[in-house]
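Q: build me a structure from this.
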Amino acid sequence: MRVAQEEIFGPVIPLLRYTSVSDVVRRANDTPYGLASYVYGRDLAQCRAVASAIEAGIVGVNEWRPLKAEIPFGGIKHSGIGAEGGEEGIREFLETQVISMPKPTLAT
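A: Next up is the predicted model:
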């Protein structure tokens, strides 16, 4: 279905039946996009395992808005490269310079 294959920017919540957790992860990752995903459940250890297996830049567990100013925002796959916000996002605006000099030796 298109709703399961495209990035939907709007108030849409598709509900799809599944047979196993591995089936859910496989289907969630079977898309060229990876901006955000959400995992809901009572078993937090299982939710964390599922969230780690999902290929998305942002995964909310039992929350609908996992974004905060101090964390990076960005997707993976066709949903973008890089991040904005947080320490990771500011790095793109910095120019790092390394200056290396040998330590002075003591004259004997």
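Q: I would like the residues contacting stretch 48-67, please.
A: Surrounding stretch 48-67, the residues in contact under the criterion C-beta atoms under 8 Å, 6 or more residues apart in numbering are 21, 24-25, 28-29, 34-41, 44, 47, 73-77, 79-80, 83, 85. All C-beta spots, glycine's among them, are computed from the backbone N, C-alpha and C.
Q: list the buried residues for it?
A: Taking 16 or more other C-beta atoms under 10 Å as the neighbour-count basis, stretch 48-67 is seen to contain the buried residues 50, 51, 53, 54, 55, 56, 57, 58, 59, 60, 66.
Q: for residue 3, state which of those residues is nearest.
A: For residue 3, the nearest member of the buried residues of stretch 48-67 is residue 56. The distance, counting by C-beta to C-beta, is 16.2 Å.
Q: in three-state terms, label the closest one for me.
A: Secondary structure assignment for residue 56 (DSSP: H, G, I helix; E, B strand; the rest coil): coil.
Q: and the pLDDT at it?
A: Predicted confidence (pLDDT) at residue 56: the value is 90.
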